[in-house]
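Next comes the sequence, and after it the predicted model I'd like to discuss.
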Amino acid sequence: MFTHRRIERHQLPYFLRVFNSVTDKPIGFLGNVSEDGLMLISQLPMMTGVDFTLRLKIPMDEGCQQVIDLTACCLWCHEDATPQHYDAGFSLHRPPPEYGQLVQALKQYFSFQPLPASA
């Protein structure tokens, strides 16, 4: 029987909140991302077939934030395994380059590979 962990556990210091970009009110948390979509975890179901204006606030160094505004269509929504939570899948309309950079950074982080050395 194994008593020691072989792979280091990586704890996430933040959960990335998703906001309504018009009202700047939180609507949920980022569940996962891809180059052209995302999954939102929310306490309310999302209406499907509707475009939403979403805002991500990415924590940066020294307490700053990078804001990424997105327009996305909700393709599906269903109840999450967690009671009173819902998962919703969104297709993004022309995501900005900053979103692509976020996707790449998250892929790098979750692959548990060391960051490339600075040149």
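Nice, thanks for sending it over.

Quick check: which element contains the one residue sitting closest to the centre of the chain?
By Cα atoms, centre = their mean, the chain has its centre lying nearest to Leu30, at 3.1 Å. Per DSSP states H and E: Leu30 is located in strand 26-34.

Check Gln104 too.
Following DSSP H and E, one finds Gln104 within helix 97-110.

In its sheet, which strands sit next to the helix or strand following the strand holding Leu30, and in what direction?
As assigned by DSSP H and E, the chain's next helix or strand after strand 26-34 is strand 37-42. The pairing partners recorded for strand 37-42 under DSSP bridges are strand 26-34 (antiparallel), strand 86-93 (antiparallel).

Show me which parts of the first one are buried, residue by residue.
Residues of strand 26-34 classed as buried by neighbour count (16 or more other Cβ atoms under 10 Å): Ile27, Gly28, Phe29, Leu30, Gly31, Val33. Where you see a C-beta, it was placed from the backbone N, CA and C, and this is true even at glycine.

which secondary element of the chain has the worst mean pLDDT?
helix 97-110 (a mean of 82; mean pLDDT, DSSP states H and E).

Compute the inter-axis angle for that one and strand 86-93.
130 degrees (axes from the mean of the first three to the mean of the last three Cα atoms, to 10 degrees).

counting contacts, what elements does helix 97-110 pack onto?
strand 26-34, strand 51-59, strand 65-79 (3 or more Cβ pairs under 8 Å, 6 or more residues apart in numbering; DSSP states H and E).
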